[in-house]
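Engineer: Attaching a predicted model along with its sequence, questions to come.
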Amino acid sequence: MIEVFILAVALSMDAFAVSIGLGAKKNTPNLALKAGLYFGIFQALMPLVGYLAGKGVLGWIAAYANWIAFGLLVLIGAKMIYEGMQEGIEEDISIITNKMMLVLAVATSIDAMAAGFSLTLLHANPYIACLVIGTITFAFSVAGVFVGRRSGTWLESKAEIFGGIVLILMGIKILVY
């Protein structure tokens, strides 16, 4: 279960980073709750989609499953590190609407769908794992809005880079063990 917790923290860093950027622009308890709900729900659902898709094809690719999970986690981690070194999308947002939050929630959770495939290799209940991922993302997203108010955006990229490194390390662990 520790692996699920580590995966959840790593996956939530994308939403945390975006929440920091949002909080630097506008900081209200309503925005914090909205960010937590949008990001938490999508981060919980997308890995479940990835898990179910992975379960469907696992019989065909069982011999390569560790390599595929390794590749996906390394690619996602590298993408997060790359994005952490780039300017965030939040600079282009002038008004924070429900539609914008939906777009951000989908964008930050696409990686979680690919990472959901790795749940097929972990010895954990996937439904509980997705609940843990969603709950941790909710907490990090709410906190991110308030952190953004205090720190501005300087912490935003560091969170994404940290999450990327953790995902790469998890990919290596899956391949080695």
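Structural biologist: Looks like it came in fine. Numbering: from 1, shown residues only.

Engineer: Show me what the worst-scoring helix or strand of the chain on mean pLDDT is packed against.
Structural biologist: Ranking every helix and strand in the chain by mean pLDDT, DSSP states H and E puts helix 156-176 at the bottom, with a mean of 75. Secondary-structure packing of helix 156-176 (3 or more CB pairs under 8 Å, 6 or more residues apart in numbering; DSSP states H and E): helix 2-25, helix 65-84. Heads up, the C-betas are built off the backbone N, CA and C, glycines and all.

Engineer: For those helices, give me JSON lines that also has mean neighbour count, mean pLDDT and distance to residue 127.
Structural biologist: Listed next are these as JSON lines, based on neighbours: other CB atoms under 10 Å; pLDDT from 0 to 100; distance: least, CB to CB, whole Å:
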{"stretch": "helix 2-25", "mean neighbour count": "25", "mean pLDDT": "86", "distance to residue 127": "11"}
{"stretch": "helix 65-84", "mean neighbour count": "19", "mean pLDDT": "77", "distance to residue 127": "19"}
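
Engineer: These: which one's closest to residue 40?
Structural biologist: helix 2-25 (7.8 Å; CB to CB).

Engineer: any idea of the angle the closest one forms with helix 156-176?
Structural biologist: Here the directions of helix 2-25 and helix 156-176 differ by 160 degrees (axes from the mean of the first three to the mean of the last three CA atoms, to 10 degrees).

Engineer: Can you get me a residue count around the residue nearest to residue 23 when sequence neighbours are not counted?
Structural biologist: Distances taken as CB to CB, 6 or more residues apart in numbering place residue 148 nearest to residue 23, at 2.5 Å, with adjacent residues excluded. By the measure other CB atoms under 10 Å, the count of residues near residue 148 is 29.

Engineer: for the one 10 residues further on, same thing?
Structural biologist: Residue 158 has 14 neighbours, counted by other CB under 10 Å.

Engineer: Apart from its chain neighbours, what residue comes closest to it?
Structural biologist: Nearest-residue entry for residue 158: residue 84, 7.2 Å, with adjacent residues in sequence omitted and distances by CB to CB, 6+ apart.

Engineer: And residue 39, by the same measure?
Structural biologist: Closest to residue 39 by CB to CB, 6+ apart is residue 15, at 3.7 Å.

Engineer: Pretty sure the one you found sits against residue 106.
Structural biologist: No - under the criterion of CB atoms under 8 Å, residue 15 is not in contact with residue 106, lying 11.3 Å apart.

Engineer: Could you identify the longest helix within the protein?
Structural biologist: Taking DSSP state H as the criterion, the chain has its longest helix at helix 29-61.

Engineer: buried residues in that one?
Structural biologist: Using 16 or more other CB atoms under 10 Å as the test for burial, helix 29-61 gives 31-32, 34-40, 42-51, 54.
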